[in-house]
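**Q** this is the structure alone, sequence omitted:
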């Protein structure tokens with residue numbers, strides 16, 4: 001009867017934490033707000049996000065993973081902090097909506113006639129190219145090129161582009177400072193054995209002085225889910241220690257996780273499994289697990305739990321892929337899954353990835369699935 005009572009208490013506690021979607025949405029809304037400016041490289045967006053997460057770790061009661069929560073590192077990055085003006089045929093364009101600048105482009109100030117190269121590309125000058133796109137998606141560059149390329153949204157034009165005027169400012173930063181945010185809950189029985197939950201908190205930042213990329217699904221939702229799990233485990237310590245890492249510079253090439261793996265704050269050999277959360281704000285159409293075929297036993301355990309409780313409609317297996325922060329851990333022999341959900345809004349790396357349009361459809365069920373899976377790993 002005591003054992004039965006324990007499981008009833010555990011279920012009630014788990015359910016209450018999973019139902020706390022208000023906390024999760026508040027975190028997501030805050031991280032994706034204008035104040036954090038896309039958690040990137042201008043207006044101190046990433047730095048503000050790092051401080052916010054450090055405060056959240058302290059409030060939850062996580063222990064620092066090392067001497068401090070922040071693990072700092074440096075890398076080069078090309079940024080666009082100021083002027084971002086483009087007109088086509090005399091019409092002023094809206095950054096993010098009508099055009100984007102390729103991330104490795106140098107700044108430029110030119111006015112020129114356009115020469116058509118093919119149906120999608122135009123030459124302005126030897127240093128300026130125009131390209132028509134069905135969808136505008138931005139990213140981050142750690143180097144600067146010789147050619148400025150401006151991508152135009154095809155939907156913004158009814159006439160053929162004939163003339164361009166551009167005034168764009170870039171700033172290359174050779175040693176941009178970022179920080180991984182790392183904390184943990186000490187295990188009650190096997191403190192030297194760790195399960196790790198990760199999510200990258202950086203996004204694309206801003207393009208010019210007035211346009212930023214909110215990054216609600218990518219990856220404010222993943223960080224919010226991580227913090228919700230951290231709250232649960234801080235209140236309910238487990239036999240194993242549970243670590244929580246919010247990585248910086250994922251969008252710049254998985255740089256934060258690469259740095260951690262080369263400079264680990266805990267022995268990598270002590271990590272029994274790692275779950276990486278990225279793009280988890282939906283779930284109507286199920287979810288995908290990267291590395292499912294690499295770790296078939298763990299994937300079978302995950303499905304066993306899901307089949308019993310019907311949390312997620314479908315769990316799709318995927319093989320090895322270098323597409324998020326789990327990758328370098330796997331390369332060092334740490335078992336890891338990268339989980340992302342499907343369905344709902346399709347905004348990605350654009351100005352439309354907003355918190356108000358992200359439903360967090362399967363947050364509660366994903367929360368319960370992760371807790372159940374971690375419990376299975378500790379058996």
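**A** All right, it came through fine. Bear in mind that the values here come from a model prediction, so they are computed numbers and not experimental data. Numbers count the residues shown, from 1 in each chain.

**Q** can you give me the helices in this protein?
**A** Counting by DSSP state H, the chain has helices at residues 2-18, 21-31, 45-60, 221-235, 255-262, 296-309, 327-331, 363-377.

**Q** redo those helices as JSON lines? Include mean pLDDT.
**A** What follows is the helices of the chain, written out as JSON lines (pLDDT from 0 to 100):
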{"stretch": "helix 2-18", "mean pLDDT": "56"}
{"stretch": "helix 21-31", "mean pLDDT": "95"}
{"stretch": "helix 45-60", "mean pLDDT": "98"}
{"stretch": "helix 221-235", "mean pLDDT": "98"}
{"stretch": "helix 255-262", "mean pLDDT": "98"}
{"stretch": "helix 296-309", "mean pLDDT": "98"}
{"stretch": "helix 327-331", "mean pLDDT": "98"}
{"stretch": "helix 363-377", "mean pLDDT": "97"}
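
**Q** Serialize the ones you listed to a markdown table and add fields for mean neighbour count and distance to residue 103.
**A** In this view, the C-beta of every residue, glycine as well, is placed from N, C-alpha and C. Formatted as a markdown table, these follow (neighbours: other Cβ atoms under 10 Å; distance: least, Cβ to Cβ, whole Å):
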| stretch | mean neighbour count | distance to residue 103 |
| --- | --- | --- |
| helix 2-18 | 12 | 38 |
| helix 21-31 | 18 | 21 |
| helix 45-60 | 19 | 16 |
| helix 221-235 | 25 | 22 |
| helix 255-262 | 22 | 15 |
| helix 296-309 | 15 | 35 |
| helix 327-331 | 20 | 21 |
| helix 363-377 | 20 | 31 |
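
**Q** of those helices, which is nearest residue 275?
**A** Ranking the helices of the chain by proximity to residue 275 (Cβ to Cβ) places helix 363-377 first, at 6.3 Å.

**Q** possible to save the helices of the chain as a markdown table with distance to residue 67?
**A** Formatted as a markdown table, those follow (distance: least, Cβ to Cβ, whole Å):
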| stretch | distance to residue 67 |
| --- | --- |
| helix 2-18 | 29 |
| helix 21-31 | 25 |
| helix 45-60 | 13 |
| helix 221-235 | 19 |
| helix 255-262 | 15 |
| helix 296-309 | 32 |
| helix 327-331 | 22 |
| helix 363-377 | 27 |
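
**Q** among these, which comes closest to residue 38?
**A** Closest among the helices of the chain, using Cβ to Cβ: helix 45-60, at 5.5 Å.

**Q** what packs against that closest one?
**A** helix 21-31, strand 171-185, helix 221-235 (3 or more Cβ pairs under 8 Å, 6 or more residues apart in numbering; DSSP states H and E).

**Q** relative to residue 54, which of the ones you listed is closest?
**A** From the helices and strands packed on helix 45-60, taking Cβ to Cβ, the stretch that ends up closest is strand 171-185, at 5.9 Å.

**Q** and that closest one, what's buried?
**A** 172-173, 176, 178-185 (16 or more other Cβ atoms under 10 Å).

**Q** please name the strands paired to it in the sheet, noting orientation.
**A** strand 63-64 (antiparallel), strand 70-79 (antiparallel), strand 240-247 (antiparallel) (DSSP bridges).

**Q** from those, which stretch is densest packed?
**A** strand 240-247 (a mean of 26; mean count of other Cβ atoms under 10 Å).

**Q** around the closest residue to residue 25 other than its chain neighbours, how many other residues sit close by?
**A** Excluding the flanking residues, the one nearest residue 25 by Cβ to Cβ, 6 or more residues apart in numbering is residue 360, at 6.4 Å. Neighbours of residue 360 under the rule other Cβ atoms under 10 Å: 23.

**Q** show me the contacts for the residue at minimal distance from the centre of the chain.
**A** By Cα atoms, centre = their mean, the chain has its centre lying nearest to residue 219, at 3.1 Å. By Cβ atoms under 8 Å, 6 or more residues apart in numbering, residue 219 lies in contact with 199-201, 203, 250, 277-279.

**Q** reformat those as TSV; add pLDDT and neighbour count.
**A** Output for these, formatted as TSV (pLDDT from 0 to 100; neighbours: other Cβ atoms under 10 Å):
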residue	pLDDT	neighbour count
199	99	27
200	98	28
201	99	30
203	98	30
250	98	25
277	98	27
278	98	24
279	98	21
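
**Q** closest one of these to residue 213?
**A** residue 203 (5.8 Å).

**Q** for the closest one, give me its contacts.
**A** By Cβ under 8 Å, 6+ apart, the contact set of residue 203 is 38-40, 213-215, 218-220, 251.

**Q** make JSON lines out of the residues you listed and add pLDDT and distance to residue 104.
**A** JSON lines is the format used below for the contacts of residue 203 (pLDDT from 0 to 100; distance: Cβ to Cβ, whole Å):
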{"residue": "38", "pLDDT": "98", "distance to residue 104": "18"}
{"residue": "39", "pLDDT": "98", "distance to residue 104": "20"}
{"residue": "40", "pLDDT": "98", "distance to residue 104": "15"}
{"residue": "213", "pLDDT": "98", "distance to residue 104": "17"}
{"residue": "214", "pLDDT": "98", "distance to residue 104": "23"}
{"residue": "215", "pLDDT": "98", "distance to residue 104": "20"}
{"residue": "218", "pLDDT": "98", "distance to residue 104": "20"}
{"residue": "219", "pLDDT": "98", "distance to residue 104": "23"}
{"residue": "220", "pLDDT": "98", "distance to residue 104": "26"}
{"residue": "251", "pLDDT": "98", "distance to residue 104": "14"}
